[in-house]
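>>> Quick check, what structure comes out for this input:
(one chain, ligands or ions: 2)
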Amino acid sequence: MSRKKTPKSKGASAPAASVLPAANGSRPARPGIARPGPQVRPNGPPQLGRPSLGSGDFYDVTFKVMLVGDSGVGKTCLLVRFKDGAFLAGTFISTVGIDFRNKVLDVDGMKVKLQIWDTAGQERFRSVTHAYYRDAHALLLLYDVTNKASFDNIQAWLTEIQEYAQHDVVLMLLGNKVDSAQERAVKREDGEKLAKEYGLPFMETSAKTGLNVDLAFTAIAKELKQRSTKAPSEPRFRLHDYVKREGRGASCCTP
Ligand SMILES: Nc1nc2c(ncn2[C@@H]2O[C@H](COP(=O)(O)OP(=O)(O)OP(=O)(O)O)[C@@H](O)[C@H]2O)c(=O)[nH]1
Ligand SMILES: [Mg+2]
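Numbering: from 1, shown residues only. Ligands and ions are numbered 1, 2, ... in the order given. Sure, this is the predicted structure:
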């Protein structure tokens, strides 16, 4: 299979001009990228890599993953933890519109590039994010275990996903901020129950400690890679079983 070099990712810190209106809410707004450039235009099917003279990492195949969920659940922090291994502590800077980062993973000997779209959870940006659903190969749907309302809104998010995303999109439910044990408002069992009801793989995560963060993205990458390249003789990758087996409990990593 041919290979391509990854263009430098344009993350939240990239100086890309935002063409979206500035946030009017009480929180400061993080500049976002309203529309991808030609090299990142969302497409339907996964793209195979091509030889390139650009700088960056090689990859064999690329997929689009979208982070969705209420404002403040930790989507941006989860992405930053995965991409840079850091935690964005301090003032909450709400995402404006949509932003993205790339990361290349080695999945069973194949370089899989995930183009990860970080959406704004705020209601007023919903129409912007709707346009991106149809091109997503996978969605990570987050709630905040310390915020019951964000959990109660999961059903509304699922309705939205049903309306705008591809019917075969890979979907995973994540309960984030499990490091905040004292403030927990949603029991792990309630997350598991909801996930079971909708047939979704589920994990609790912490962008702060890193708990299950790499695992969530790796699981998605494995599933997408297998869907696109699986030889008939290869055993089928089972996403549900994988996250159940590999996921760690919150107690193991609470600082
Ligand atoms: N304790 C703890 N705090 C977190 C965690 N993840 C995010 N936060 C905090 O939660 C707040 C919101 O995080 P963001 O990642 O900006 O939230 P978001 O979902 O991207 O919000 P929008 O961009 O508005 O949609 C920030 O103050 C973070 O520091 C986590 O795992 N644990
Ligand atoms: Mg954000």
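>>> Next up, the contacts around the residue sitting nearest the centre point of the chain.
Nearest residue to the geometric centre of the chain (C-alpha atoms, centre = their mean): residue 67, 3.7 Å. With contact taken as C-beta atoms under 8 Å, 6 or more residues apart in numbering, residue 67 is in contact with 75, 76, 78, 79, 116, 117, 118, 119, 139, 140, 142. For every residue, glycine as well, the C-beta is placed using N, CA and C.
>>> Tell me which two of these sit farthest apart.
76 and 139 (15.7 Å; C-beta to C-beta).
>>> Residue 130 touches residue 164, doesn't it?
Yes: counting by C-beta atoms under 8 Å, residue 164 is a contact partner of residue 130 at 5.2 Å.
>>> near ligand 2, which residues of the stretch 51-200 of the chain?
Applying C-beta under 5 Å from the ion, we find that the stretch 51-200 of the chain lies next to ligand 2 at 75, 76, 95.
>>> elements contacting the one helix or strand the second one maps to?
Element membership of residue 76 [criterion: DSSP states H and E] is helix 75-84. Based on contacts counted as 3 or more C-beta pairs under 8 Å, 6 or more residues apart in numbering; DSSP states H and E, the elements that helix 75-84 packs against are strand 61-69, strand 98-107, strand 110-119, strand 138-144, strand 170-176, helix 213-229.
>>> For residue 136, which non-adjacent residue is spatially closest?
Once flanking residues are discounted, residue 136 sits nearest to residue 66: 4.2 Å by C-beta to C-beta, 6 or more residues apart in numbering.
>>> OK, contacts around the one you found?
Taking C-beta under 8 Å, 6+ apart, we find residue 66 in contact with 116, 117, 119, 129, 132, 133, 136, 138, 139, 140.
>>> cutoff 7 Å now
117, 119, 132, 133, 136, 139 (C-beta atoms under 7 Å, 6 or more residues apart in numbering).
>>> pretty sure the fourth one is touching residue 164, no?
In other words, residue 133. Yes: using C-beta atoms under 7 Å, residue 133 is in contact with residue 164, at 3.6 Å.
>>> what's the distance between residue 99 and residue 89?
19 Å (C-beta to C-beta, to the nearest Å).
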